[in-house]
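[1] No sequence on hand, only this structure:
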Ligand SMILES: [Fe+2]
């Protein structure tokens, strides 16, 4: 009787496609993870106008970022490749703006977090474009993230009037 190979290494995906998914989704994981960390700092230290709304909506944004980062990361893993989500790597690669330490005004908090959302949206948009020719299932994930993140941007930014 022939020996059966049960090694769970077959993903059924072409290596080049998996490599593209890793290339475009890992930066999305990095930015969403960094945004969730900065979001908590902002959630704890915001003060001033619309306090409850801003404080609570930041937690909504954080929950979304963590869920989306998990979805993008697990897509890479499902295709058989690793990613680097270690804290050192996230800190080294993120483009998130630096938050000032300590208590911050509501307006300043929103401006910094919205700037961080825009950085995350830029890597999400790049992933949507880059995955168009290689993996539509992964592109579908980032399209969903783009819709949700842009809505969160609207909800948060609308706590302040445009200048
Ligand atoms: Fe809290």
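    Now that the structure is in, tell me what you want to look at. These numbers were taken from a predicted model, which means no experiment stands behind them.

[2] Give me the neighbour count for residue 38.
    Using other Cβ atoms under 10 Å, residue 38 has 21 neighbouring residues. All C-beta atoms are positioned from the backbone trio N, CA, C, and that covers glycine.

[3] got the residue ranges for the helices in this protein?
    With helices called from DSSP state H, the chain shows them at 15-45, 51-78, 87-93, 106-130, 136-157.

[4] how far away is the residue positioned nearest the centre of the chain from residue 96?
    The centroid of the chain falls nearest to residue 32 when counting by Cα atoms, centre = their mean (2.3 Å). Distance of residue 32 to residue 96, given as Cβ to Cβ, to the nearest Å: 10 Å.

[5] List the buried residues for the lowest-mean-pLDDT helix or strand in the chain?
    The least trusted helix or strand in the chain, going by mean pLDDT, DSSP states H and E, turns out to be helix 15-45, with a mean of 95. Residues 17-18, 20-39, 41-43, 45 are the ones in helix 15-45 that count as buried (16 or more other Cβ atoms under 10 Å).

[6] which helices and strands does that helix pack with?
    When contacts are defined as 3 or more Cβ pairs under 8 Å, 6 or more residues apart in numbering; DSSP states H and E, helix 15-45 packs onto helix 51-78, helix 87-93, helix 106-130, helix 136-157.

[7] how close does residue 53 sit to residue 160?
    Counting by Cβ to Cβ, the gap from residue 53 to residue 160 is 11 Å.

[8] So those two - more neighbours on which side?
    Higher neighbour count among residue 53 and residue 160: residue 160, with 17 against 14, using other Cβ under 10 Å.
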